[in-house]
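A.B. asks: Mind looking at a prediction? Sequence and model below.
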Amino acid sequence: MKCFVTGASGFIGSNLVHELNRQGHAVRALIRPNASLKGLAGCDFERIEGDISNRETLIKGLQGCDWCFHVAASYHLWLPDYAPMYAANVDGTRNVLESAVQMGCSRIVYTSTVGCIGLPSPDLTPLVPSTESTLVSEGQMRNPYKHSKWQAEQVALDLAKKGHQIVIVNPSAPVGPRDVKPTPTGGFILDFLRGKMPAYLDTGLNWVHVRDVAAGHILAAEKGRVGQRYILGNAEGNWSMKEALRVLSEITGKPAPRVRVPYWVALTAAHLNEALSALTKQPPKAPVAGVRMARYKMFFDPSKAIHELQLPQTPPRQALSEACDWFLQNGYLPPQHG
């Protein structure tokens, strides 16, 4: 198939391009003028320069393409002004999906987030991981990133209800190679490797190998049901932060932090950080939105994607190990850390 990919230089996008190449598909990638191509090293693709705000560029890029993968997104937990993020995530998504429909793509895969799915009830012991059908309301989308992605998902669902060939995927917490920027999960691993994590919050994530997430996008194009959402996660990947740190310690031989920060302390510090950021316009180290998200264990059940799409299930330990190796091999740490 000939595939159009937005966000191709990002973490999930670059791994998707590598996987499309591996499976023999042709790729046309939408890439912004100043984007780093580090994650795309070794890939075969046709570059279209531009961004998702320009429909003319999108129409040109989509011409002759069979599949469209809309991966691009603005992911920030704090900004001085959130309007550009809404423009990218909501208006940009409408631009891409409507252009792909106009150009006759046989399958359109929209990359959402598990942030748009309801969280497990903290009152249940043990926690029951959320599925695609776990109830959630727009009112629960408290931070602007999640809210903008929620609105974008509604754009995708509305188009699917009109009969257009759109499938939605909701990645959990991907880790692995090519996390160039890095993402918040990659930043967590880097902080650990650099010894800059004296303490941790009692939270939890569903850890998944980014390669499985990339494969899940392609499987969604091949097998996904129109208008359906698929959690791209790992059935064995629901780990508390303490568990993830223990595994990182076993992989690297570095000690895991033992001090757990109370939630109220972290939230107070985050508010102070953001107050300072309002003056300096520099991003806070710990945004309030991030701390509030960390109050809940973000555990998810990917059974639907496993059963319907045959989503691969690389062990999360391997994903963390490959992430560490990639950071070490690509100059993210001084030589003495290697």
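C.D. replies: The structure has been received and is ready for your questions. In this text, all values refer to a predicted model and were calculated from it rather than measured experimentally. Numbers count the residues shown, from 1 in each chain.
A.B. asks: Tell me where the stretch 151-300 of the chain has helices.
C.D. replies: Listed in chain order, the helices of the stretch 151-300 of the chain (DSSP state H, counting those that start in this stretch) span 184-193, 210-223, 241-252, 263-280, 288-293.
A.B. asks: What about Q318, how many residues nearby?
C.D. replies: The local packing count at Q318 equals 14, with neighbours defined by other Cβ atoms under 10 Å. Bear in mind the C-beta positions are built from the backbone N, C-alpha and C, glycine included.
A.B. asks: For it, give its distance to G186.
C.D. replies: From Q318 over to G186 the distance is 16 Å, taken as Cβ to Cβ, to the nearest Å.
A.B. asks: can you check L267 too?
C.D. replies: Counting by Cβ to Cβ, the gap between L267 and G186 amounts to 24 Å.
A.B. asks: go on, T131?
C.D. replies: Going from T131 to G186 by Cβ to Cβ gives 26 Å.
A.B. asks: With S121 instead?
C.D. replies: Spatial separation of S121 from G186 under the definition Cβ to Cβ is 29 Å.
A.B. asks: Those two: which is more packed in?
C.D. replies: Using other Cβ under 10 Å as the criterion, S121 and G186 rank with G186 on top: 23 against 12.
A.B. asks: quick one: contacts for the residue nearest to that one when sequence neighbours are not counted?
C.D. replies: Excluding its sequence neighbours, the residue lying closest to G186 (Cβ to Cβ, 6 or more residues apart in numbering) is D179, at 3.6 Å. Contacts for D179 (Cβ atoms under 8 Å, 6 or more residues apart in numbering) come out as 11, 185-186, 210, 323, 326-327.
A.B. asks: out of those, who's nearest R260?
C.D. replies: Each of the contacts of D179 was checked against R260 using Cβ to Cβ; the closest is T185, at 19.4 Å.
A.B. asks: quick one: the closest one and P171 touch, right?
C.D. replies: No - contact between T185 and P171 fails when scored by Cβ atoms under 8 Å: they sit 10.5 Å apart.
A.B. asks: Select from the contacts of D179 the one having the most neighbours.
C.D. replies: In terms of neighbours by other Cβ under 10 Å, those top out with V210 at 30 neighbours.
A.B. asks: Counting neighbours, what do you get for G187?
C.D. replies: Other residues near G187 come to 12 when the count uses other Cβ under 10 Å.
A.B. asks: before we move on, what about P126?
C.D. replies: 8.
A.B. asks: Can you tell me how far it is from S240?
C.D. replies: Taking Cβ to Cβ as the criterion, P126 is separated from S240 by 11 Å.
A.B. asks: do H271 as well
C.D. replies: Looking at H271 against S240, where the rule is Cβ to Cβ, the gap reads 25 Å.
A.B. asks: Equivalent analysis for D51, please.
C.D. replies: Counting by Cβ to Cβ, the separation of D51 from S240 is 38 Å.
A.B. asks: again, but for R194
C.D. replies: Distance of R194 to S240, given as Cβ to Cβ: 22 Å.
A.B. asks: So, low pLDDT: which residues of the stretch 51-200 of the chain?
C.D. replies: Counting by pLDDT under 70, the stretch 51-200 of the chain has low-confidence residues at 139.
A.B. asks: just the strands in it please.
C.D. replies: 67-70, 107-111, 166-171, 173-175, 199-200 (DSSP state E, counting those that start in this stretch).
A.B. asks: how many neighbours does the spatially closest residue to K281 that is not a sequence neighbour have?
C.D. replies: Here the nearest residue to K281 in space, its sequence neighbours aside, is P80; by Cβ to Cβ, 6+ apart that works out to 5.3 Å. Here the neighbour count serves as a burial measure; for P80 (other Cβ under 10 Å) it reads 10.
A.B. asks: can you pull the contacts of S130?
C.D. replies: Under the criterion of Cβ under 8 Å, 6+ apart, the contact partners of S130 comprise 114, 117-120, 299-301.
A.B. asks: Could I have the PyMOL command that selects the buried members from those residues?
C.D. replies: Buried members of these, defined by 16 or more other Cβ atoms under 10 Å, are picked up in PyMOL with:
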select buried, resi 114+117+119+120+299+300+301
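A.B. asks: could the contacts of S130 go into CSV alongside distance to A235?
C.D. replies: CSV is the format used below for those (distance: Cβ to Cβ, whole Å):
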residue, distance to A235
V114, 14
I117, 16
G118, 19
L119, 18
P120, 15
F299, 11
F300, 10
D301, 7
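A.B. asks: Could you measure from the residue nearest to G186 over to K196?
C.D. replies: 17 Å.
A.B. asks: What of L190?
C.D. replies: Here the distance between L190 and K196 works out to 8 Å (Cβ to Cβ).
A.B. asks: So which of these two has more stuff around it?
C.D. replies: L190 (18 against 8).
A.B. asks: wait, that one sits on P182?
C.D. replies: Yes - look at L190 against P182 with Cβ under 8 Å: they come within range, at 6.2 Å.
A.B. asks: Give me the neighbour count for K2.
C.D. replies: Residue crowding around K2 was assessed by other Cβ under 10 Å; the count is 15.
A.B. asks: related to what we said a few turns ago, closest one to V167 among the helices of the stretch 151-300 of the chain?
C.D. replies: Of all the helices of the stretch 151-300 of the chain, helix 210-223 sits nearest to V167, with 4.7 Å by Cβ to Cβ.
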